[in-house]
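S.K.: here is the input, now give the coordinates:
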Amino acid sequence: MARYYTRLNKVNTFEAGFEIDVTGGLKKIFGNPADYPMFESNEDDAQLMYTGSQPYVHPFYSNRYLDNREDFAVSKNLVDLLQIKDANDNISFIDKRLYVYAKPTPQSMDEEENIPVEYVGQINGATAPPALATISRIGNIFRDQPAGKSFWMTYSELQFIKAEAALNGITDVGGSPQFFIEEGITSSFMKQFSEASAYQAPIVPVNGHEIKTVAEDAAEVIARLDYSKEGGIIRVIMEQKYISIFSNGIEGYAELRRTGWPAIDVVEGGRKWPGKGLPNRFPYPISESRTNSANYNKAVNDLNIEQGNLIYGGKMWFTNNTDINYKN
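M.R.: Sure, this is the predicted structure:
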């Protein structure tokens, strides 16, 4: 319910035809924990645990080892948030969750190449495929574990929902935005590194960057938070939320469109839609145009969607008041 109400808070739901009191709803559930109990720690996370036997294996594992796909990478946007570089392109800081979410590039793990350990993300919607040896793949606990987990909602995500609620004046959450941001970051670190330990996933740091305790590494990220930059607190909340919900791409896509944050590289649009930016929506399946043509055509007309271009055109109704923030 907290996620649901938060999804609606950028629009006037009454004008949109939904008689939903977003503020009242959030106050009710946060103010009545006996009636609306919520996650109290990482132990309460909602997650799907795969057995590791066909057909119940993690989808990322299936993609790699059963479908033999070697091109499922982490995005450049994520790596840029986790790996900060200075004006000379030298790494100045690394959020250590990068080592769980991603693998070093294959070329940097090849002793014959003699390249220092590096993490490089793939550009979203690239117009041409990259050289696969130069791009980081998704981390071990997601990609290499048949009995892995899919995270539907986590305690850390809830903390960022609370942070946004507190920012919007809902005191029933019982804390400040900054308090919940820090709790969300700390719990995210604890979650990811405990999973890495449980799966005995390798952690490969960049040369010269030390792995400390989970608490110390989380504290370093918290100490670097900058509330004065463009976007202010909401930007910080959404950047850290985006990082914490890694692997839940559907939720990340919805939240990016809802708030416009984090700032991302301009989506190139692939070969078919160059320069159009982040898609506004998922397309209707082709079957709709064939078997439900009357309603399909009405939807296309109502949403001002160009024929053959279903992912652009009209925005989702809960994102109408938001523009995506693209990097300069």
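
S.K.: switch to C-alpha atoms for all contacts and neighbour counts from now on
M.R.: Fine.

S.K.: got the buried residues for the worst-scoring helix or strand of the chain on mean pLDDT?
M.R.: Taking mean pLDDT, DSSP states H and E as the measure, the helices and strands of the chain show their lowest mean at helix 293-302, namely a mean of 88. Buried positions in helix 293-302, judged by neighbour count with 16 or more other C-alpha atoms under 10 Å: 296, 300.

S.K.: from the contact counts, what lies against that helix?
M.R.: In this structure, helix 293-302 makes packing contacts with helix 286-291, judged by 3 or more C-alpha pairs under 8 Å, 6 or more residues apart in numbering; DSSP states H and E.

S.K.: V74: how many residues sit nearby?
M.R.: By the measure other C-alpha atoms under 10 Å, the count of residues near V74 is 25.

S.K.: and for D86?
M.R.: Using other C-alpha under 10 Å as the criterion, the residues surrounding D86 number 9.

S.K.: quick check, it in contact with D80.
M.R.: No. Shown here, D86 and D80 do not form a contact pair, counting by C-alpha atoms under 8 Å, at 11.6 Å.

S.K.: what ranges do the strands span in the stretch 51-200 of the chain?
M.R.: Assigned by DSSP state E, counting those that start in this stretch, the strands in the stretch 51-200 of the chain fall at 83-85, 91-94, 149-153.

S.K.: ok, and what's touching the shortest one?
M.R.: Read it as strand 83-85. The contact list for strand 83-85 (C-alpha atoms under 8 Å, 6 or more residues apart in numbering) reads 91-95, 98.

S.K.: what's the closest of the strands of the stretch 51-200 of the chain to R3?
M.R.: strand 149-153 (9.2 Å; C-alpha to C-alpha).

S.K.: any chance of the strands of the stretch 51-200 of the chain in CSV, with distance to P279 and mean neighbour count too?
M.R.: Listed next are the strands of the stretch 51-200 of the chain as CSV, based on distance: least, C-alpha to C-alpha, whole Å; neighbours: other C-alpha atoms under 10 Å:
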stretch, distance to P279, mean neighbour count
strand 83-85, 26, 15
strand 91-94, 29, 15
strand 149-153, 23, 16
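
S.K.: of all those strands, which one is nearest Y36?
M.R.: Closest to Y36 of those, according to C-alpha to C-alpha: strand 149-153, at 16.0 Å.

S.K.: which neighbours does the closest one have in its sheet, and in what orientation?
M.R.: Paired strands of strand 149-153, with direction, are strand 46-49 (antiparallel) (DSSP bridges).

S.K.: mean confidence score for the strand it pairs with?
M.R.: What strand 46-49 shows for mean pLDDT is 96.

S.K.: which positions in the helix or strand containing R235 come out as buried?
M.R.: Here R235, judged by DSSP states H and E, is contained in helix 232-244. Of the residues in helix 232-244, those scored as buried under the neighbour-count criterion (16+ other C-alpha under 10 Å) are 233-244.

S.K.: please apply the same query to stretch 117-132.
M.R.: Those would be 117-125, 127, 132, for stretch 117-132 by 16+ other C-alpha under 10 Å.

S.K.: determine which two of those residues are furthest apart.
M.R.: V117 and T127 (26.7 Å).

S.K.: state the distance from the nearest residue to I324 once chain neighbours are set aside to T319.
M.R.: By the measure of C-alpha to C-alpha, 6 or more residues apart in numbering, the closest residue to I324 outside its immediate chain neighbours is G260, 4.1 Å from it. Remark: distance between G260 and T319 (C-alpha to C-alpha, to the nearest Å) = 9 Å.
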